[in-house]
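>>> Got a predicted model here, sequence first, then my questions.
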Amino acid sequence: MISDRLLQLYPGNFERTVVLRNFIEEACARHIALGLADATFEGRVCSESLNTHWQGVSEAIVGHELRAVGLPLTPSCNGPDFLIEQDGRRTWVEVMCPEPTGIPTQWLQPKMGEAGKVPHEAILLRWTAAIKEKSEKLLGNPKKKIRGYLSDGIVGEADSYVIAINGRLLRGPAFASVTGVSQWPYAVEATLAVGPYAVKINRETLEQTGGGHTHRDRLPKPKGEAVPADTFFDSRFQHISAILAVDLDGSYVIGNVKPMEVVHNPGAKNPVAPGILPAFREYVAVEHDDVSYDLCRLEGRLARDEVGRHV
């Protein structure tokens, strides 16, 4: 049972532990009661594999956040995790919690008193892989002869499609964050070709003469070809409306941070308007001229005084 598995993961009767354990159990129970869970949901939450466990829990918590801002969720049969039908529009939400493949153990299981560095590139590669995987769920993969939700008629040509990525497994027990080395969300770096901030230095005077974010449309991999980081500038992905980027494990109910950001696709065929999805901040790329764009940061739908702080 879910309660037994959660007791294994969060043992004891310390007040904060009990509050967190109860919240996750209630979110999962509500997910099932509303008919939003598929036949494998309870088994995944109860799995001994933390990767499998968090995929199930992520669906329940993301569903909880969508309902918390008043979005009506409809059970989905053989399609994405959630369907939102509102004001004559249909928006699908597909949830993923990427596994920490390639993430250094020193980051995932840090030792007390030892300094370390954030493996930004390794984490970003997991974000790009998650976006690719969930994009293929919608678009299919002709080379692999895999059909997608669009070709199967599950997601309509006029429907919006949002990929919700929970980065919980891409870190250790602390430092919940969706922010990359650029100080923009990983979802921005993975889709809008934003690289690290760089400064220009005069070699003779050593004075700073300029600075700004670099353009990075490809990410090197330890093995194999570099992967694209400009998904939203590729017309093949026009059916991807936005990325809902979160790092949620439920611990915001005991005062921990609650990172939630929405990154919009400027080339989306069926965009989701800002202010619809739950987020503290939203990111919209606005064309500046023929060769550049301005990335605008907007206040999100969630109030800052709600449960859970944001960083």
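Here it is on my side, so go on.
>>> can you map out the strands along this protein?
73-74, 82-86, 89-96, 160-166, 194-201, 208-215, 218-219, 227-228, 242-246, 260-264, 281-287, 293-299 (DSSP state E).
>>> As JSON lines, those with distance to D38 would be great.
(C-beta placed from N, C-alpha, C; glycine too.) Formatted as JSON lines, the strands of the chain follow (distance: least, C-beta to C-beta, whole Å):
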{"stretch": "strand 73-74", "distance to D38": "14"}
{"stretch": "strand 82-86", "distance to D38": "11"}
{"stretch": "strand 89-96", "distance to D38": "12"}
{"stretch": "strand 160-166", "distance to D38": "16"}
{"stretch": "strand 194-201", "distance to D38": "35"}
{"stretch": "strand 208-215", "distance to D38": "40"}
{"stretch": "strand 218-219", "distance to D38": "32"}
{"stretch": "strand 227-228", "distance to D38": "30"}
{"stretch": "strand 242-246", "distance to D38": "20"}
{"stretch": "strand 260-264", "distance to D38": "24"}
{"stretch": "strand 281-287", "distance to D38": "29"}
{"stretch": "strand 293-299", "distance to D38": "33"}
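>>> Redo those strands as CSV? Include mean pLDDT and distance to S182.
Shown next, in CSV, are the strands of the chain (pLDDT from 0 to 100; distance: least, C-beta to C-beta, whole Å):
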stretch, mean pLDDT, distance to S182
strand 73-74, 93, 33
strand 82-86, 95, 30
strand 89-96, 97, 22
strand 160-166, 98, 17
strand 194-201, 81, 5
strand 208-215, 74, 6
strand 218-219, 90, 13
strand 227-228, 92, 17
strand 242-246, 98, 14
strand 260-264, 98, 13
strand 281-287, 93, 12
strand 293-299, 91, 10
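>>> I'd like to know which of those strands lies nearest to W127.
strand 160-166 (6.5 Å; C-beta to C-beta).
>>> what's the closest one packed up against?
helix 50-68, strand 89-96, helix 120-139, strand 242-246 (3 or more C-beta pairs under 8 Å, 6 or more residues apart in numbering; DSSP states H and E).
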